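Asker: Quick check, what structure comes out for this input:
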Amino acid sequence: MKKILMTLVAVAMATTMNAQWYVGGTVGYNYTKDKNTDVTSNTFKLVPEVGYNLNEKWAVGVKIGYAYTKVADDKAHEFVVNPYARYTFAKLDKVSFFADGGFEYNYVKVGDEKANGFGINIKPGVAVNLNDKVSFVAHIGEFGWASAKAKNAKSVQSVALGVDLATVDFGFNL
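Answerer: Numbering: from 1, shown residues only. As a prediction, this is how the structure comes out:
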């Protein structure tokens, strides 16, 4: 048993010594006040990310996140899991262009209502290496399909197609 444990520790150390692990994610806050209705909304979002560069072109990773939204007296909690594969298709000195292709699962609870959602998507992006250890990462738009369904309700489906600066998300990878 001791030999097996030591072998596993040695393999883990060798993997992480040569590995290109990265961590990152996004944090966001949004406040809106509609002066026509005096309704305010607050949204807080935290989506950490961890990934592994398999080689110069390919990486795999996962985002696991939480969002909390309060509109008037209604509160919504959302959990998301998004495993993905990243393909870097162009590198220009410190700038890389990539596409993340992945699967997404969402669970949303608003009051007593609950809904589950699934989707597949491709998100184009750009990474700017600020130095050897830190990169600024942005996704610009989405090409994908999603479906969500609450109990005793019909599903809601959506399709997103396009590069859109209105849906840019930013993050940092360390």
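
Asker: three-state assignment of the residue nearest to the spatial centre of the chain?
Answerer: By CA atoms, centre = their mean, the chain has its centre lying nearest to Lys63, at 4.4 Å. Assigned by DSSP: H, G, I helix; E, B strand; the rest coil, the conformation of Lys63 is strand.

Asker: what's the answer for the one 3 residues further on, then?
Answerer: Each residue gets one of three states, and Tyr66 gets strand by three-state DSSP.

Asker: Quick one: list the elements packing against the helix or strand hosting Ala59.
Answerer: Taking DSSP states H and E as the criterion, Ala59 maps to strand 58-71. For strand 58-71, the contact count by 3 or more CB pairs under 8 Å, 6 or more residues apart in numbering; DSSP states H and E identifies strand 21-34, strand 39-53, strand 74-92 as packing neighbours. All C-beta atoms are positioned from the backbone trio N, CA, C, and that covers glycine.

Asker: go with 6 Å
Answerer: When contacts are defined as 3 or more CB pairs under 6 Å, 6 or more residues apart in numbering; DSSP states H and E, strand 58-71 sits against strand 39-53, strand 74-92.

Asker: just to revisit the earlier point, on the strand side of things, show who the residue nearest to the centre of the chain bridges to.
Answerer: Glu49, Asn82 (DSSP bridges).

Asker: Mind putting the helices and strands packed on strand 58-71 into JSON lines with mean pLDDT, distance to Lys109 and mean neighbour count?
Answerer: Below are the helices and strands packed on strand 58-71 laid out as JSON lines (pLDDT from 0 to 100; distance: least, CB to CB, whole Å; neighbours: other CB atoms under 10 Å):
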{"stretch": "strand 39-53", "mean pLDDT": "92", "distance to Lys109": "15", "mean neighbour count": "16"}
{"stretch": "strand 74-92", "mean pLDDT": "95", "distance to Lys109": "5", "mean neighbour count": "15"}
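
Asker: Is it possible to get CSV of the ones you listed that adds distance to Ile140?
Answerer: As requested, the helices and strands packed on strand 58-71 are arranged in CSV below (distance: least, CB to CB, whole Å):
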stretch, distance to Ile140
strand 39-53, 17
strand 74-92, 14
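
Asker: sorry, back to before: list the buried residues for the strand holding Ala59?
Answerer: Buried residues in strand 58-71, counting neighbours by 16 or more other CB atoms under 10 Å, are found at 59, 61, 63, 65, 67, 69.

Asker: The residue nearest to the centre of the chain is in contact with Val81, isn't it?
Answerer: No. Lys63 lies out of contact with Val81 (CB atoms under 6 Å); the separation is 7.6 Å.

Asker: Angles on the backbone of Ala153, please.
Answerer: With angles defined as degrees, to the nearest 10, Ala153 sits at phi -140, psi 160.
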